[in-house]
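K.L.:
Turn this into a structure:
(2 chains)
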2 protein chains.
Amino acid sequence: MKKAVVLYSGGLDSTTCMAIARQQGFVPCALSFNYGQRHAVELQKAREYAPLVGAAEHLIIDMDMRLVGGSALTANIEVPKDAPEGGGIPVTYVPARNTIFLSVALGWAEVLGAGDIFIGVNALDYSGYPDCRPEYIRAFQELANLATKAGVEGHGYRIQAPLISLTKGQIIRRGLELGVDYRLTHSCYDPTPMGLSCGHCDSCRLRLKGFAEINKEDPLPYAD
Amino acid sequence: MKKAVVLYSGGLDSTTCMAIARQQGFVPCALSFNYGQRHAVELQKAREYAPLVGAAEHLIIDMDMRLVGGSALTANIEVPKDAPEGGGIPVTYVPARNTIFLSVALGWAEVLGAGDIFIGVNALDYSGYPDCRPEYIRAFQELANLATKAGVEGHGYRIQAPLISLTKGQIIRRGLELGVDYRLTHSCYDPTPMGLSCGHCDSCRLRLKGFAEINKEDPLPYAD
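P.N.:
This is a model prediction of the structure:
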């Protein structure tokens, strides 16, 4: 069975991606980043959940993106609550984050002999991030095949973004069909000290909207 | 004056790039990586030399690429000495290294408000690395302009690789014209414990060939 690298945050989207990679017959190798995210609980959850949701390996790369700065997720900027939609690119945008993550995934894929990299971006409920659009994913795939030994001499790379045209509700429905247990996922940007989801940040609101869209109840506990 | 991010290793090429960025009127902001390189002296030299060769800022990002594996520069693979030329992509190739470095440079450039990123790759004496070719640089620039807030909404990015079509001798001549002091550069992949260059690794041999090409003497001390 072939390996695939799955960018994995422990969240709803990347966990659904992992299930899709398995359905396609891949052995998922999960890749996470300790990048100075304010929601460090995310990484604890990812470490705990990765083997439970089917990752054969789990690599966590330390890279302190707080030094680069510029985002509410890593710097001392207030995470917006109940922000209106359609307000352009939000302050939670981390400069070049997906590009950095995909680049490291590409390096690991080359070492593993994996030709497929899964990333759980989606362009509909994408919170306005430019690096979640289909043209961005296509451009990265082209780059990957120019950048690497395996791209130039070997099997080539495919960047798979299977959620890209799905709504949050459709993602959850797809995951439920594949047997994903959404209790083993974590989404909140700003959880309570006890690890409860806030229910008000962009990420929580998208998640709750997704469950509501398909008339399902989110199995996670919330702070209020 | 506008800032530019310069990928900076403390080596001959990136130091020449820094001088070219200054000549173009930019304030160079140097970016280096502590990525588990076996030649850790490289980073010490870079830290020492950066302000001396004109960097206004110097950001060093820690990211342990040994976890990703796959290269003689980071893993326990013997660095080849006096290897024949034209033998394909060498074992010192680090998977996706330039892609990872450029991605972080892109993130920092966005934060700094810089539109230009300088990288000292060259396609002639490039040791066979796929991520040193012009088509690779063009693909990264396209990606950069799709990936980021500033690429989509703002000033856009230019990836400058001013050495790409120069021989090592031409690079050195260019640098000397711009006043680069090549004593303040370091190239060796496998220096002695005292920090002397070995004179036999790919990097030393390219450097020595460059000085020989223009009938200049390399001002660095060598082990033999």
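K.L.:
how much space between the residue of chain A most remote from its centre and B:Glu42?
P.N.:
Relative to the C-alpha centroid of chain A, counting by CA atoms, centre = their mean, A:Glu153 is the outermost residue, at 29.4 Å. Per CB to CB, to the nearest Å, A:Glu153 is found 28 Å from B:Glu42. (Each C-beta comes from the backbone N, C-alpha and C, glycine too.)
K.L.:
residues contacting A:Leu31?
P.N.:
For A:Leu31, the contact set (CB atoms under 8 Å, 6 or more residues apart in numbering or on different chains) comprises A:Val5, A:Val6, A:Leu7, A:Tyr8, A:His58, A:Leu59, A:Ile60, A:Ile61, A:Phe101, A:Val104, A:Ala105, A:Trp108.
K.L.:
among the residues you listed, which ones are buried?
P.N.:
The neighbour-count criterion (16 or more other CB atoms under 10 Å in any protein chain shown) marks A:Val5, A:Val6, A:Leu7, A:Tyr8, A:His58, A:Leu59, A:Ile61, A:Phe101, A:Val104, A:Ala105, A:Trp108 among the contacts of A:Leu31 as buried.
K.L.:
What distance separates the opening and closing residues of stretch A:160-177?
P.N.:
End-to-end distance for stretch A:160-177: 19 Å, by CA to CA, to the nearest Å.
K.L.:
And it, what's buried?
P.N.:
Neighbour count says stretch A:160-177 has A:160-164, A:166-175 buried, by 16+ other CB under 10 Å.
K.L.:
Which pair in the residues you listed has the greatest spatial separation?
P.N.:
A:Gln160 and A:Gly169 (20.9 Å; CB to CB).
K.L.:
Kindly format the C-alpha coordinates of stretch A:22-38 as CSV.
P.N.:
Extracted C-alpha coordinates of stretch A:22-38, given in CSV (Å, rounded to 0.1, in the frame of the first residue of the first chain):
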residue,chain,number,x,y,z
ARG,A,22,-7.6,5.8,3.6
GLN,A,23,-10.6,5.3,1.4
GLN,A,24,-8.4,5.9,-1.7
GLY,A,25,-6.2,3.1,-0.4
PHE,A,26,-3.3,5.2,1.0
VAL,A,27,-1.5,4.6,4.3
PRO,A,28,-1.8,8.1,5.8
CYS,A,29,1.3,9.7,7.3
ALA,A,30,0.1,12.7,9.3
LEU,A,31,2.2,15.9,9.5
SER,A,32,1.6,18.6,12.1
PHE,A,33,3.3,21.8,13.0
ASN,A,34,4.2,23.3,16.3
TYR,A,35,4.4,26.8,14.9
GLY,A,36,3.7,28.9,18.0
GLN,A,37,-0.1,28.7,17.6
ARG,A,38,-1.8,30.4,20.5
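K.L.:
For that stretch, buried residues please.
P.N.:
So stretch A:22-38, judged by 16+ other CB under 10 Å, has buried residues A:22, A:26-38.
K.L.:
Average pLDDT for it, rounded please.
P.N.:
If you average the pLDDT over stretch A:22-38, you get 90.
K.L.:
Now do the residue nearest to A:Leu196 when sequence neighbours are not counted: how many residues are near it, please.
P.N.:
Using CB to CB, 6 or more residues apart in numbering or on different chains and skipping the chain neighbours, the partner closest in space to A:Leu196 is A:Ala223 (4.4 Å). Using other CB atoms under 10 Å in any protein chain shown, A:Ala223 is surrounded by 15 other residues.
K.L.:
From what I see, A:Ala223 and A:Asp190 are in contact.
P.N.:
No. Look at A:Ala223 against A:Asp190 with CB atoms under 8 Å: they stay out of range, at 9.7 Å.
K.L.:
overlap in contacts of the two?
P.N.:
Both A:Ala223 and A:Asp190 are contacted by A:Cys198, under the criterion CB under 8 Å, 6+ apart.
K.L.:
distance of the closest residue in space to A:Leu112 that isn't next to it in sequence from B:Gln44?
P.N.:
Among residues not flanking A:Leu112 along the chain, A:Lys3 sits closest, at 5.0 Å (CB to CB, 6+ apart). Plainly put, A:Lys3 is 37 Å away from B:Gln44 if you go by CB to CB.
K.L.:
Neighbour count for these two, which is higher?
P.N.:
Between A:Lys3 and B:Gln44, counted using other CB under 10 Å, the more crowded position is A:Lys3 (19 against 13).
K.L.:
show me the contacts for that one.
P.N.:
Under the criterion of CB under 8 Å, 6+ apart, the neighbours of A:Lys3 are A:Phe26, A:Val27, A:Pro28, A:Cys29, A:Ala56, A:Leu112, A:Gly113, A:Ala114.
K.L.:
now A:Val6, what's its secondary structure?
P.N.:
Secondary structure, DSSP: H, G, I helix; E, B strand; the rest coil: A:Val6 is strand.
K.L.:
Check the gap between it and chain B for me.
P.N.:
15 Å (CB to the nearest CB, to the nearest Å).
K.L.:
One more: A:Gln44?
P.N.:
Distance from A:Gln44 to chain B, by CB to the nearest CB: 19 Å.
K.L.:
Same check on A:Ile172?
P.N.:
Separation of A:Ile172 from chain B (CB to the nearest CB) stands at 27 Å.
K.L.:
For that residue, what are phi and psi?
P.N.:
Backbone torsions of A:Ile172, given as degrees, to the nearest 10, read phi -60, psi -40.
K.L.:
Can you flag which of the buried residues of stretch A:160-177 belong to helices?
P.N.:
Of the positions in the buried residues of stretch A:160-177, A:Lys168, A:Gly169, A:Gln170, A:Ile171, A:Ile172, A:Arg173, A:Arg174, A:Gly175 sit in helices, assigned by DSSP state H.
K.L.:
Just the pLDDT for the first one.
P.N.:
Turning to A:Lys168, the model gives it a pLDDT of 92.
K.L.:
Okay, and which of the buried residues of stretch A:22-38 map to strands?
P.N.:
Using DSSP state E, A:Val27, A:Pro28, A:Cys29, A:Ala30, A:Leu31, A:Ser32, A:Phe33, A:Asn34 are the members of the buried residues of stretch A:22-38 that sit in strands.
K.L.:
who are the neighbours in contact with A:Ala4?
P.N.:
Applying CB under 8 Å, 6+ apart to A:Ala4 gives the contacts A:21, A:24, A:26-29, A:109, A:114-118, A:160.
K.L.:
list the helices and strands the helix or strand of chain A with the lowest mean pLDDT packs on?
P.N.:
Ranked by mean pLDDT, DSSP states H and E, the weakest helix or strand in chain A is helix A:149-153, scoring a mean of 81. In terms of contacts (3 or more CB pairs under 8 Å, 6 or more residues apart in numbering or on different chains; DSSP states H and E), helix A:149-153 is packed against helix A:97-112, helix A:134-147.
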